[in-house]
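Peer 1: what follows is a predicted protein model with its sequence.
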Amino acid sequence: MARQYPIEKTRNIGVVAHIDAGKTTTTERILFYTGVSHKIGEVHEGEAIMDWMEQERERGITITSAATTCFWIPSYRNGDKQFEYRMNLIDTPGHIDFTVEVKRSLRVLDGAIVVFDGVSGVEPQSETNWHYADEYNVPRICFINKMDRLGASFENSFKSIRERLNPNAIVMQLPIGSESNFEGVVDLLESKAYRFEGDKGEKIVSSEVPKNMEEEVKKWRHELIEKIVEQDDKLMTEYLEGKESSLEDLKKALRKGVLSVKLIPVFTGSSLKNKGVQLVLDAAVDYLPSPLDLPPVKGIDIKTNETVERKTDDDAPLAALAFKVATDPFMGSLTYFRVYSGILKKGSYILNANKNSKERVGRLVRMHANHREEVEEIGAGNLGAIVGLKDTSTGATLCDEDHPIILEKIVFPEPVISIKIEPKTKVDQEKMGIALHKLSEEDPTFRVGGDPDTGETIISGMGELHLDVLVERMKREFGVGSNVGRPQVAYKETIKKEAKGEGKYIKQSGGRGQYGHARLEIKPLERSKGFEFINSIKGGSVPQEFIPAIEKGVIEAMSKGVTAGFPMVDIQVTLYDGSYHDVDSSESAFKIAGSMAFKEATKNAKPILLEPIMKVQVLAPTEFMGDITGDLNSKRGKIEAMNDRAAIKIIDAQVPLSEMFGYATKLRSMTQGRGSFSMEFDQYAEAPSSIAQLIVEGKK
């Protein structure tokens, strides 16, 4: 099948931003101006096309990334169809709890439009998303939105981009007025003013630069030209000779700078007031890459274990990356993918290289938010989705069986918060396992586990909102009711000194009786050594066949400690004496005797409570260090190190797990949302007596 749109006329673009910067509003304008929709869906009215989930419309936030395809002829081409471009667009969430959606989208996209609030400038999630784009070396352009808002300042917002994100950001446009007086923009390269007329700003009207802005435009244009000519030796020579380069040459040099991520063009406007979005679309065509502008994708050849490349070419062997798995209520499993080379065809068989298993491509679709368009094939450089794959998860490589390759996986952040979950009814219990499994397949930052000590089901995620949304999805999409709460901390018990104990079990009730007798000595072991059983009996006071029964009795007694009923660990138990009866002794009698002896010894061995200690790393700007360290100290934390990384401080600490619940929310509150942390288990340590008392009383 011949390509309708050549690869060089394809743009794979993500729209990313901090929550409430106007990202989805911008995307809705893009859909309107490109003709995908005939009515602009407003986020605040719950009608945004790209926010199709019920919860997104109710909460007014984007929860899941939504993909669509649209077509754009640059506004300066006067509707000439030969200059039409295919734009595969992904609208991503802005809330940190759904950061996985941004990361996996940026992994497969070629360029990004980063949207900023004209009042707030760079915000916390702007920084996180920017770092993800840096990680994948994604070229990007910036759009300072909401210039109509009270308090909007283009200069302050631009300054925050330069200072906090990239010093190579360059001004492409200046706003004409601001707040309620915002009228349009001045294009610095063209030295033209643009205003947007009509009901939806669809009519772009150009004019001369306003007289009162001429000096300002001259100053900013001079700086812009200087930055652009640095990308090209020929233009630099012309510039030094005092010659004015052509607009076409300047655009080519600027494109070169953007593709190499050496320049970040900054545009401005107001999506809500329908001003400036079309010029951002023009910029996406002019400066963001086509799949051909990027180097060939690299992977590992399964057969030779060597690094190989795949060019963006329909004739090359198939190599595609599954970047998202979603559960569709009508179609089942939907696997979103990016084709890097070759053509993925409906009805073909492909290899899941990560699992070395074959999959059949039943139905192939192109996504438009939650609507689907059936297609026969999807070629190199494009995005699509497969319906009904059974064995493919996020990050899997789909490829040609004869040319197997594994592309670089997507690395996701670890969950930072956990809660206990239990089904409301017996019917819910049967369905909950299936629902949790499907949701964890969709979302790599959502983990499901069981606490072996408490028997509870624990779910973990990126934040309280993240888990709240998933629990709500279980109810709406899978019909599973559940109760959630804080998980119980898995405390343990041990001893601090040596002690001896005796257990004698004698039972006579007519007929054969029961007799078992054991003397034990217990000693504390080093942390994490577990349990050690030693038989030091000499002379056969207890026959060998009964020794395992005594050990079983000890292990059973250790499962429920004497202080608060938690399992006991790190204890050495030595059987040093005992006695038996020729007729009445049995395994069960010696098992009970062993348990009795251990319990008696434990009471005299100074039993203590152990609590799990977590290794915690906190990242936050320097100005919040005082509050963070003070808070960690109040949580009985021990700060081990403080280091610098650019403008970020890194604190390494050890903190009891019981003190860390709700910390994600508290840290965001302390740092204006700019702090993040990771946490992993480190060791068990003795709980202070005051804390142990609260735990024993069930108050902690």
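Peer 2: Now that the structure is in, tell me what you want to look at.
Peer 1: grab the nearest non-local neighbour of E84.
Peer 2: I73 (4.9 Å; CB to CB, 6 or more residues apart in numbering). For the C-beta atoms, the positions are set from N, CA and C on the backbone; glycine is no exception.
Peer 1: the one you found is in contact with K81, isn't it?
Peer 2: Yes. Under the criterion of CB atoms under 8 Å, I73 makes contact with K81 at 6.9 Å.
Peer 1: looking at those two, which is more packed in?
Peer 2: Taking neighbours as other CB atoms under 10 Å, I73 and K81 compare with I73 leading, 18 against 8.
Peer 1: contacts only, for the more buried one.
Peer 2: G79, D80, K81, F83, E84, Y85 (CB atoms under 8 Å, 6 or more residues apart in numbering).
Peer 1: swap in 6 Å and give it another go.
Peer 2: I73 makes contacts with G79, F83, E84, as judged by CB atoms under 6 Å, 6 or more residues apart in numbering.
Peer 1: low-confidence ranges in the stretch 451-600 of the chain?
Peer 2: 451-454, 463, 486-488, 509-511 (pLDDT under 70).
Peer 1: for it, what spans make up the helices?
Peer 2: 464-478, 547-558, 587-603 (DSSP state H, counting those that start in this stretch).
Peer 1: and after the helix or strand bottoming out on mean pLDDT in the chain, which helix or strand comes next?
Peer 2: Sorting the helices and strands of the chain by mean pLDDT, DSSP states H and E puts helix 54-59 at the bottom, at a mean of 47. Under the assignment DSSP states H and E, the closest C-terminal helix or strand after helix 54-59 is strand 66-72.
Peer 1: give the other helices and strands that the very next helix or strand once past that following strand contacts.
Peer 2: Next in sequence after strand 66-72, counting helices and strands by DSSP H and E, comes strand 85-91. Judged by 3 or more CB pairs under 6 Å, 6 or more residues apart in numbering; DSSP states H and E, the packing partners of strand 85-91 are strand 10-17, strand 66-72.
Peer 1: nearest to K219, of those?
Peer 2: Evaluated with CB to CB, the helices and strands packed on strand 85-91 place strand 10-17 nearest to K219, the distance being 28.5 Å.
Peer 1: can you name the next helix or strand after that closest one?
Peer 2: With DSSP H and E, the next secondary element past strand 10-17 is helix 23-33.
Peer 1: so what's the gap between that following helix and the chain middle?
Peer 2: Relative to its chain's centre, helix 23-33 lies at 24 Å (CA atoms, centre = their mean, to the nearest Å).
Peer 1: buried residues, that helix. List them.
Peer 2: By neighbour count on 16 or more other CB atoms under 10 Å, the buried set for helix 23-33 is K23, T24, T25, T26, T27, E28, R29, I30, L31, F32, Y33.
Peer 1: again with stretch 242-262
Peer 2: Judged by neighbour count using 16+ other CB under 10 Å, the buried positions of stretch 242-262 are S245, L250, K252, A253, L254, R255, K256, G257, V258, L259.
Peer 1: what is the lowest-pLDDT residue among those?
Peer 2: Lowest pLDDT among the buried residues of stretch 242-262: S245, with 89.
Peer 1: which residue packs closest to that residue, ignoring adjacent ones?
Peer 2: Take S245 and drop its neighbours on the chain: the residue closest to it by CB to CB, 6+ apart is L235, 5.0 Å away.
Peer 1: so of the helices and strands packed on strand 85-91, which one's packed in deepest?
Peer 2: Among those, strand 10-17 has the highest mean neighbour count (mean count of other CB atoms under 10 Å), at a mean of 26.
Peer 1: can you map out the helices along the stretch 101-250 of the chain?
Peer 2: 124-135, 154-164, 214-229, 233-240, 247-259.
Peer 1: out of those helices, nearest to L610?
Peer 2: L610 lies closest to helix 124-135 among the helices of the stretch 101-250 of the chain, at 36.0 Å (CB to CB).
Peer 1: next, A692: secondary structure please.
Peer 2: With DSSP: H, G, I helix; E, B strand; the rest coil as the basis, A692 sits in helix.
Peer 1: let me fix that: E611
Peer 2: Per three-state DSSP, the local secondary structure of E611 is strand.
Peer 1: and G35, by the same measure?
Peer 2: coil.
Peer 1: check which helix or strand V280 maps to.
Peer 2: Using DSSP H and E, V280 maps to helix 277-287.
Peer 1: who's in contact with that helix?
Peer 2: 11, 13, 29, 33, 72, 74-75, 85, 141, 143, 251, 255, 258, 267, 271.
Peer 1: extract the C-alpha trace of that helix and format it as CSV.
Peer 2: The C-alpha atoms that make up helix 277-287 are tabulated as CSV, following Å, rounded to 0.1, in the frame of the first residue of the first chain:
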residue,chain,number,x,y,z
VAL,A,277,-2.2,28.1,18.7
GLN,A,278,-2.0,27.9,14.9
LEU,A,279,1.5,29.5,15.0
VAL,A,280,2.6,26.9,17.5
LEU,A,281,1.4,24.2,15.0
ASP,A,282,3.4,26.0,12.3
ALA,A,283,6.4,25.8,14.5
ALA,A,284,5.9,22.1,15.2
VAL,A,285,6.0,21.5,11.4
ASP,A,286,9.0,23.9,10.9
TYR,A,287,11.2,23.0,13.8
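Peer 1: pLDDT (mean, whole number) over that helix?
Peer 2: 96.
Peer 1: tell me the angle that helix makes with helix 23-33.
Peer 2: Per axes from the mean of the first three to the mean of the last three CA atoms, to 10 degrees, the angle that helix 277-287 makes with helix 23-33 is 90 degrees.
Peer 1: give the next helix or strand downstream of helix 277-287.
Peer 2: strand 297-301.
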